[in-house]
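Asks: Structure of the sequence below:
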Amino acid sequence: MSVRWVRTILILFCGVVLSACSTVNAEKIRAKTDQTIDAISTKTNIGKNPRDPLEGFNRLMFNFNDTVDQNVLQPVARVYRDTTPGFFQTAVSNFFGNIGDVWSAVNNILQGKVGDGMSDVMRVAVNSTFGLGGVIDIASPAGLQKHKEDFGQTLGVWGMPSGPYLVLPMLGSSTLRDTAALPVDMKADLWSYKEPVYVRNSGTVLKLVDKRASVLDAGTLLEEAALDKYVFIRDAYLQKRANDIRKQEDE
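Replies: The predicted model follows:
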């Protein structure tokens, strides 16, 4: 990938972020972006780790994502966590989790785990009916546990190799297989069909902020403990995905 294309991608993403967040410290984002663009000329696209042959590009994207996270997502997530009631945050998490359970049910069935798939169907039915549209999780205390799956895991169970590690702009850690599955996962998200558009967009932002707020403490520990945050996150992601798929194959 040429420097010109990398520069174009980063400028486009920075433009979106800066136009949407007028109160963000834009100078820090610009400075970090300039540093990472300059670094691409000195970094090879061939990494030492065979699972990460695009390490130079991946680190570039990681630095960009990390800058946006520190200057946009983290501040907003902290305000959300500190100012909204706990029951509201739980309700938001439950609501979008209930929607996600529909696609998890489909993927469980596609993987041959019909029992888990039907359990997820029951979760959705119970929480949607008696949990006020999913804002209250009644199913878990009743013994209907969540079996979270996505299409990337399904492809893995079907035998598709993961391919090289990738860091996607704004989306973070992935692999070639998971990136190929991403359009299917996005298309299968029932919330993406919600009308009117402003409700859908507002809900998507709320979901993102709520998810980021839920891992603020973990992020702080990572900052303090990891010598190389990129390597730590990469290895943890690859190990988790491999374990998730291995677990499905063993069942």
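Asks: Enumerate every residue touching the closest residue to Gly203 other than its chain neighbours.
Replies: With Cβ to Cβ, 6 or more residues apart in numbering as the criterion, Gly203 has its nearest non-adjacent residue at 6.2 Å, and that residue is Trp191. To be clear about C-beta, it is placed using only N, CA and C from the backbone, and glycine gets the same treatment. The contact partners of Trp191, by Cβ atoms under 8 Å, 6 or more residues apart in numbering, come to Phe96, Ile99, Arg200, Gly203, Thr204, Lys207.
Asks: Does Ile233 touch Ser174 like I think?
Replies: No: look at Ile233 against Ser174 with Cβ atoms under 8 Å: they stay out of range, at 11.7 Å.
Asks: With neighbour numbers in mind, choose between the two.
Replies: Ser174 (22 against 17; other Cβ atoms under 10 Å).
Asks: Adjacent strands (with direction) for the strand or helix carrying that one?
Replies: Per DSSP states H and E, Ser174 falls inside strand 172-175. With DSSP bridges as the test, strand 172-175 is paired with strand 165-168 (antiparallel).
Asks: and Ala218, what pLDDT?
Replies: For Ala218, the pLDDT comes out at 83.
Asks: which secondary structure element contains it?
Replies: Element membership for Ala218, per DSSP H and E: helix 216-225.
Asks: and that helix, which residues are buried?
Replies: Gly219 (16 or more other Cβ atoms under 10 Å).
Asks: model confidence over the helix or strand encompassing Phe64, on average?
Replies: According to DSSP H and E, Phe64 maps onto helix 55-68. Per-residue pLDDT values over helix 55-68 give a mean of 97.
Asks: helices or strands up against it?
Replies: Helices and strands touching helix 55-68, by 3 or more Cβ pairs under 8 Å, 6 or more residues apart in numbering; DSSP states H and E, are helix 3-20, helix 26-39, strand 165-168, helix 229-250.
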